[in-house]
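what would the 3D arrangement of this be:
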Amino acid sequence: MGLVVQKYGGSSVADAEGIKRVAKRIVEAKKNGNQVVVVVSAMGDTTDELIDLAEQVSPMPAGREFDMLLTAGERISMALLAMAIKNLGHEAQSFTGSQAGVITDSVHNKARIIDVTPGRIRDSLDKGNIAIVAGFQGVSQDKKDITTLGRGGSDTTAVALAAALDAEVCEIYTDVDGVFTADPRVVKKAKKIDWISFEDMLELAASGSKVLLHRCVEYARRYNIPIHVRSSFSGLQGTWVSSEPIEQGDKKVEQAIISGVAHDTSEAKITVVGVPDKPGEAAAIFRTIADAEINIDMVVQNVSAAATGLTDISFTLPKTEGRRAIDALEKNRPGIGFDSLRYDDQIGKISLVGAGMKTNPGVTASFFEALSDAGVNIELISTSEIRISVVTRADDVPEAVRAVHSAFGLDSDTDEAVVYGGTGR
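Okay, the predicted model is just below:
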């Protein structure tokens, strides 16, 4: 008997019919002889609706109470799913994140998992039950407060439970048939990827691909938990994410030169103007940002002007952190000594990802030629061994993604990618 962890996103359990459809799929996995643990997200846009409600009541809700509110969504869906499974003649028990043993740090709204102690889950499985766990949440190790893991945290919950329970696989069910070479909502002829390495998937996730959360993939790589990304709306094979290629028939799926094109329009750009070009200035700027607990992405420093000895430093960060970053820099302006700040939230990032690019000359040239032919101007450039990223105007992102996707022969000849559900909100 194998142990399988399944995770269902909000679009999969958006309404009563969706919950009943998911319940049938779970029961089928149980009938196949598996022990089944299910991690579930809030129904549809419930989390966004709760956020809207909180903002109507308080413009700056306290972190602890905000987490108490947001975790209600997953508790609703887990209980309803357990009821639907029982209605099909199988026993199911629902558990909150804390009951499932998901232990986190004390950072509200974006907590990190410290440990998973799934004693109650094991007991339930040993009694023949299907265990249903509320995703996206845990309990802080020191204060025992309810915490949330940030957007997409249910994926991380599922992989963490799979690692703690030594599961054979973690199945992530969503509203598309797997991981595609681009966002199917932008590129209709995107192709489904049969297998992708943890490394390539990490780069895609970090570059804006929304099908899997970056932390989820990192957790899976650390504990070598294979992930199978599938649609809950179809019975098709999805995408395997693992350390080694999967076998199909009598041969292994080979690593593609280019895995895909990702994009992200959730970032903003800050330019620190008139920075003295001397040792320690960049360190002071980014220490200020780090002390404000803000993550940055791309960084570029201009060549200093010979006449003034001053330079400009630009970096990107989440739009949601823009105001805090500006305030922190302005507060430390006397110590850093810059002239002014420029803030731009109308940018987008396009990334080309593929382990094969490090051994294939010409990839970089083809990437920039595709953007040039599409009339897309580049503002920032960042590279790694298996990724090239550029920042452009937000309005140019859809056309840029399609141009690069076509330039590298990633377009499907026949089938168009299907998005079965979800509002994309």
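
which stretches in the stretch 251-400 of the chain count as helices?
Listed in chain order, the helices of the stretch 251-400 of the chain (DSSP state H, counting those that start in this stretch) span 281-291, 322-331, 333-336, 363-373, 397-407.

got the CA positions of the fourth one in CSV?
The C-alpha coordinates for helix 363-373 follow below in CSV (Å, rounded to 0.1, in the frame of the first residue of the first chain):
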residue,chain,number,x,y,z
VAL,A,363,20.4,31.2,-27.1
THR,A,364,21.1,34.7,-25.7
ALA,A,365,21.4,36.2,-29.2
SER,A,366,18.1,34.5,-30.4
PHE,A,367,16.3,35.8,-27.2
PHE,A,368,17.3,39.4,-27.8
GLU,A,369,16.6,39.2,-31.5
ALA,A,370,13.1,38.0,-30.8
LEU,A,371,12.4,40.9,-28.5
SER,A,372,13.9,43.3,-31.0
ASP,A,373,11.8,42.0,-33.8
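
closest to residue 390 out of the helices of the stretch 251-400 of the chain?
With C-beta to C-beta as the criterion, residue 390 lies closest to helix 363-373 of the helices of the stretch 251-400 of the chain, at 6.9 Å. Every C-beta, even on glycine, is put in place using the N, C-alpha and C of the backbone.

out of the helices of the stretch 251-400 of the chain, which gets the lowest mean score?
Lowest mean pLDDT of these: helix 333-336, a mean of 91.

in that helix, which residues are buried?
Within helix 333-336, the residues that count as buried by 16 or more other C-beta atoms under 10 Å are residue 336.

how far away is residue 64 from residue 280?
According to C-beta to C-beta, to the nearest Å, residue 64 and residue 280 sit 38 Å apart.

more neighbours: which of the two?
Comparing residue 64 with residue 280 by other C-beta atoms under 10 Å, the one with more neighbours is residue 64, at 16 against 10.

helices of the stretch 1-150 of the chain, start to end?
Listed in chain order, the helices of the stretch 1-150 of the chain (DSSP H, counting those that start in this stretch) span 16-31, 46-57, 63-70, 72-87, 119-126.

list the helices and strands the fourth one packs on?
To tie it back to what came earlier, the one meant is helix 72-87. Applying 3 or more C-beta pairs under 8 Å, 6 or more residues apart in numbering; DSSP states H and E, we find helix 72-87 packed against helix 16-31, strand 35-40, helix 46-57, strand 92-95, strand 130-134.

could you rerun that using 6 Å?
Under the contact definition 3 or more C-beta pairs under 6 Å, 6 or more residues apart in numbering; DSSP states H and E, helix 72-87 sits against helix 16-31, strand 35-40, strand 92-95, strand 130-134.

I'd like the distance from that helix to the chain centre, please.
Remark: helix 72-87 is offset 24 Å from the chain centroid, using C-alpha atoms, centre = their mean, to the nearest Å.

now that helix and helix 46-57, what's the angle there?
Per axes from the mean of the first three to the mean of the last three C-alpha atoms, to 10 degrees, the angle that helix 72-87 makes with helix 46-57 is 150 degrees.

what residues does helix 72-87 touch?
Residues from elsewhere that reach helix 72-87 (C-beta atoms under 6 Å, 6 or more residues apart in numbering): 13, 19-20, 23, 40, 42-43, 46-47, 92, 94, 130, 132, 134-136.

what does the third one give?
For helix 63-70, the surrounding residues in contact (C-beta under 6 Å, 6+ apart) are 50, 54, 108-109, 145-148.

before we move on, the earlier item: for residue 387, which of the helices and strands packed on helix 72-87 is the nearest?
Evaluated with C-beta to C-beta, the helices and strands packed on helix 72-87 place strand 35-40 nearest to residue 387, the distance being 29.0 Å.

parallel or antiparallel, list what pairs with that closest one.
According to DSSP bridges, strand 35-40 has the following sheet partners: strand 3-8 (parallel), strand 130-134 (parallel).

any low-confidence regions in this protein?
Residue ranges of the chain with pLDDT under 70: 1, 247-255, 306, 415-416, 420-425.

so who does residue 98 touch?
By C-beta under 6 Å, 6+ apart, the neighbours of residue 98 are residue 139.

of the contacts of helix 72-87, closest to residue 270?
Ranked by distance to residue 270 (C-beta to C-beta), these are led by residue 47 at 28.2 Å.

residues contacting the closest one?
Taking C-beta under 6 Å, 6+ apart, we find residue 47 in contact with residue 73.

and it, how far from residue 208?
20 Å.

closest one to residue 258 among the helices of the stretch 251-400 of the chain?
helix 363-373 (7.4 Å).

list the buried residues in the closest one.
363, 366-368, 370-371.

how about the residues you listed, which pair is most distant?
That would be 363 and 371, which, of the buried residues of helix 363-373, are the farthest apart (C-beta to C-beta) at 13.1 Å.

so what's in contact with those two at the same time?
Among the neighbours of residue 363, none is also in contact with residue 371 (C-beta under 6 Å, 6+ apart).

please identify the most buried of the strands paired with strand 35-40.
strand 130-134 (a mean of 28; mean count of other C-beta atoms under 10 Å).

next, count neighbours for the closest residue to residue 25 other than its chain neighbours.
Leaving aside its sequence neighbours, residue 25 sits nearest to residue 232 (C-beta to C-beta, 6 or more residues apart in numbering; 6.6 Å). If you count neighbours by other C-beta under 10 Å, residue 232 ends up with 23.

ok, the buried residues of helix 363-373 vs residue 153, which is closest?
Nearest member of the buried residues of helix 363-373 to residue 153, counting by C-beta to C-beta, is residue 367, at 32.6 Å.

that closest one against residue 390, yeah?
No: using C-beta atoms under 6 Å, residue 367 is not in contact with residue 390, being 8.2 Å away.

need the strands paired with strand 35-40 in CSV with distance to residue 399, can you?
Shown next, in CSV, are the strands paired with strand 35-40 (distance: least, C-beta to C-beta, whole Å):
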stretch, distance to residue 399
strand 3-8, 33
strand 130-134, 40
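
show me what contacts the closest residue in space to residue 394 that isn't next to it in sequence?
In this structure, residue 394 finds its nearest non-sequential neighbour in residue 348, 4.3 Å apart by C-beta to C-beta, 6+ apart. In this structure, residue 348 makes contact with 265, 392, 394, 397, judged by C-beta under 6 Å, 6+ apart.
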